[in-house]
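*Asks:* Fold the following and give me the result.
(chains A and B)
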Amino acid sequence: AQSVTQPDIHITVSEGASLELRCNYSYGATPYLFWYVQSPGQGLQLLLKYFSGDTLVQGIKGFEAEFKRSQSSFNLRKPSVHWSDAAEYFCAVVLITGFQKLVFGTGTRLLVSP
Amino acid sequence: DTGVSQDPRHKITKRGQNVTFRCDPISEHNRLYWYRQTLGQGPEFLTYFQNEAQLEKSRLLSDRFSAERPKGSFSTLEIQRTEQGDSAMYLCASSLGTVGDTQYFGPGTRLTVL
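*Replies:* Numbering: from 1, shown residues only, chains lettered A, B, ... in the order given. The predicted model follows:
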């Protein structure tokens, strides 16, 4: 079945430390890939997206993600986490064909410790 | 700011009552999407409009749910005879309608059914 998996429900990182959030997808073809962030009381905000080309994608707020076709993964990284990064992070895919609905993973809640 | 807006932000209702939510998309966006997000889960697709035409509905959208987008502008989502299982965050998103384009999300309407 087609799915998006975020294996980590919660992650705690010390402020200033590096971060990697995992995302795997299961589709017959490479979909379009997205990372969104959701802060309390806020809507989902797009961090970055991948369609094709360079497999390392830069996004807003210092985030980047790397697409690895062989592993069906699209992990999100940040070299130095700030306390304001504490939020829920969602990986999502859109199939290249079809009407462009987003299929989301279950999310990873990031906690930042001082 | 001309982002996606939703009204109301919170709605508390009693089981069996009808509720209606409104979404105002970004003005030049042709596509409008509704998603539902329950606690601890990622958003799930409900339905989408291309201009005023409702082109796809999820199986999650029972016959108690109806959505409209008159004149291709704002959209409404109505739930009739609400059930406790309808308690969730209802998210609206809009996009230009090109392949792989970014969906911009509103802040959501949180529904609590007592």
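*Asks:* what about the helices in chain A?
*Replies:* Secondary structure of chain A (DSSP state H): no helices present.
*Asks:* Would you mind listing what in it touches chain B?
*Replies:* A:4, A:9, A:32, A:36, A:41-46, A:49, A:51, A:90, A:92, A:94, A:96, A:99-107 (C-beta under 8 Å from any C-beta of the partner chain). For glycine as for every other residue, the C-beta is placed from the backbone atoms N, C-alpha and C.
*Asks:* wouldn't residue B:97 be in contact with residue B:49 here?
*Replies:* No: Residue B:97 is beyond contact range of residue B:49, at 10.2 Å (criterion: C-beta atoms under 8 Å).
*Asks:* what sits in contact with each of the two?
*Replies:* Here residue B:97 and residue B:49 share the contacting residues residue B:31, scored by C-beta atoms under 8 Å, 6 or more residues apart in numbering or on different chains.
*Asks:* Give me the neighbour count for residue A:84.
*Replies:* 10 (other C-beta atoms under 10 Å in any protein chain shown).
*Asks:* Helix or strand for the residue nearest to the spatial centre of chain B, just tell me which one.
*Replies:* In chain B, the centroid-proximal residue (C-alpha atoms, centre = their mean) is residue B:34; its distance is 3.4 Å. Per DSSP states H and E: residue B:34 is located in strand B:31-37.
*Asks:* any residue of the helix or strand just after that strand up close to chain A?
*Replies:* Next along the chain after strand B:31-37, taking DSSP H and E as the criterion, comes strand B:44-50. Yes: applying C-beta under 8 Å from any C-beta, one finds strand B:44-50 touching chain A at B:44, B:45, B:48.
*Asks:* Mind listing the strands strand B:44-50 pairs with, and their directions?
*Replies:* strand B:31-37 (antiparallel), strand B:53-57 (antiparallel) (DSSP bridges).
*Asks:* what about the longest one, distance to the chain center?
*Replies:* Okay, so that is strand B:31-37. 5 Å (C-alpha atoms, centre = their mean, to the nearest Å).
*Asks:* Can you name the residues that contact residue 60?
*Replies:* The chain I'm using is chain A. Counting by C-beta under 8 Å, 6+ apart, residue A:60 has contacts A:46, A:47, A:48.
*Asks:* my bad, the chain I had in mind was chain B
*Replies:* B:36, B:44, B:45, B:46 are the contacts of residue B:60 under C-beta under 8 Å, 6+ apart.
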